[in-house]
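>>> 3D model of this:
(one chain, ligands or ions: 1)
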Amino acid sequence: MINELNQLRANALEQLAPIGDDRALEQWRITFLGRKGALAALMEKLGTLPKEERAAAGKLANETKAALEAAFQAKLGAVKQRALSESLESEPLDVTLPGRPRPRGRLHPATRNLREIYRIWRDMGFQVFLSREVESDEMNFQLLNIPPHHPARDNWSTFYIAGSEQGVLLRTHTSPGQIRAMRALSANGTQPLRVILPGMCYRYEQVSARYEIQFNQVEGLAVGRHVTFADLKGTLTEFARRMFGERPVRFYADHFPFTEPSAQMDVQCIICDGAGCPLCKFTGFLEILGAGMVHPQVLRNGGYDPDVWSGFAFGLGPERIAMLKHSIEDIRYFWGNDLRFLEQF
Ligand code: FA5
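Predicted structure coming up:
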């Protein structure tokens with residue numbers, strides 16, 4: 001048995017030496033180390049040996065197995081290494097070639113812009129309230145002091161839902177969300193409120209570089225016991241500072257039926273720094289939002305007592321803001337799905 005093992009080992013190593021490729025090596029492994037190979041056959045015979053020979057033979061069998069396996073691993077490494085150098089030599093590899101780009105998705109510029117706006121307002125303590133896009137005439141207009149036939153309706157060219165007797169419409173602005181937020185969150189007019197209401201609005205507009213038939217608005221509403229116009233100015237100025245950096249803002253008198261007094265806020269033109277250019281129509285300033293103190297009747301419609309509570313509200317157009325920030329000259333790019341535009345962000 002001892003002889004047989006030694007012979008097997010010598011024989012196996014002799015046959016292994018000249019092997020130079022995968023296939024021959026595998027064949028060798030099967031012949032000598034396989035489950036039905038030469039070594040396994042010898043080991044099976046161990047049990048039939050007389051007791052006094054068994055221990056020594058068993059030990060040698062294990063050593064033989066370990067030696068053959070080690071020789072096999074060493075050869076395997078050498079064969080692989082040789083195959084690699086051969087392929088490197090025969091198929092030249094240019095390690096300076098750039099990698100193949102993998103297409104990666106990204107957020108739509110309008111979404112990114114909205115998220116930045118959310119972040120700024122969140123940092124200032126405003127929570128997001130999502131209101132509905134399909135609204136009643138009552139919410140979109142009447143509870144905001146715009147009764148039927150009121151001339152202010154001309155400012156909001158409206159898409160009505162066909163066949164809806166009660167006047168169901170696509171909201172023309174996010175302001176109806178003011179009423180919904182007050183009713184939903186104020187616990188019958190007993191709690192202060194600080195919310196922003198983002199979302200899509202729809203108007204039957206002549207589409208142009210600045211007017212789309214669908215666009216986002218971000219409404220803001222703060223209600224408390226001592227909210228003043230100074231709070232409105234301070235908060236909106238701080239928003240503009242965080243959004244556009246240090247540049248002057250100015251407030252103008254404006255009119256909205258649901259705020260009194262009402263204002264418009266302008267920020268100094270980003271292109272010309274106030275010197276005057278075609279973008280700002282040579283005024284040096286750009287309008288970014290409408291705002292005002294919540295009208296007492298609107299507070300009442302939301303469940304608050306206007307003798308105790310006051311508030312300010314604002315409505316801004318995020319696409320218009322993104323246009324200013326990134327010098328995008330046409331609002332139609334936002335929903336045109338043109339990859340040449342989208343891939344720039
Ligand atoms: C309003 O819609 C008021 N609800 C804003 C408001 C809220 C005032 C709360 C006071 C208190 P206005 O129609 O100006 O206002 O629209 C507000 C912003 O929405 C505009 O400044 C503009 O940025 C954006 N916007 C309005 N119409 C369009 C449009 N057709 N396309 C793109 N953006 C628009």
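
>>> Can you report phi and psi for R247?
Backbone dihedrals for R247, given as degrees, to the nearest 10, come out at phi -150, psi 150.

>>> For the residue nearest to it when sequence neighbours are not counted, give its distance to L185.
The shortest distance from R247 to any residue other than its chain neighbours is 4.4 Å, reached at Q268 (Cβ to Cβ, 6 or more residues apart in numbering). No exception for glycine: its C-beta is placed from N, CA and C like everyone else's. Shown here: Q268 relative to L185, a distance of 35 Å by Cβ to Cβ, to the nearest Å.

>>> And I117, by the same measure?
Computed with Cβ to Cβ, the distance linking I117 and L185 is 20 Å.

>>> Contact residues of the stretch 101-250 of the chain facing the ligand?
Contact residues (Cβ under 6 Å from any ligand atom) of the stretch 101-250 of the chain with the ligand: 155, 173, 175, 203, 205, 211-212, 215, 217, 219.

>>> By neighbour count, which of these wins?
Neighbour counts for those were taken using other Cβ atoms under 10 Å; the highest belongs to S175, which has 31 neighbours.

>>> quick one, what contacts the residue of the stretch 201-345 of the chain found nearest the ligand?
Among residues of the stretch 201-345 of the chain, the one nearest the ligand by Cβ to the nearest ligand atom turns out to be G317. It sits 2.0 Å away. Contact partners of G317, counting by Cβ atoms under 8 Å, 6 or more residues apart in numbering, are 215-217, 288-289.

>>> if you set the cut-off to 10 Å instead, what comes out?
Applying Cβ atoms under 10 Å, 6 or more residues apart in numbering, one finds that G317 lies in contact with 173, 201, 210, 212, 215-218, 287-290, 323, 331.

>>> which one in these is the model shakiest on?
Minimum pLDDT across these is recorded for R210, with 85.

>>> Now for that one, how many residues are close by?
Residues lying near R210 (other Cβ under 10 Å) number 15.

>>> coming back round to it: just confirm the residue nearest to R247 contacts G274, I think it does.
Yes - Q268 sits in contact with G274 when judged by Cβ atoms under 10 Å, with a separation of 4.8 Å.

>>> how far away is the residue in the stretch 1-150 of the chain that the ligand sits nearest to from P278?
Residue nearest to the ligand within the stretch 1-150 of the chain (Cβ to the nearest ligand atom): L144, separated by 8.1 Å. For L144, the distance to P278 equals 35 Å [Cβ to Cβ].

>>> Which one of the two is surrounded by more residues?
For L144 and P278, the more surrounded residue by other Cβ under 10 Å is L144, and the numbers stand at 23 against 9.

>>> For the more buried one, which non-adjacent residue is spatially closest?
Leaving out its chain neighbours, the residue that sits closest to L144 by Cβ to Cβ, 6+ apart is F258, at 4.0 Å.

>>> Now do the contacts for the one you found.
Residues in contact with F258, defined by Cβ under 10 Å, 6+ apart, are 141, 143-146, 152, 173, 175-176, 178-179, 292, 294-295, 297-298, 301, 313, 315.

>>> Alright, I will stop here.
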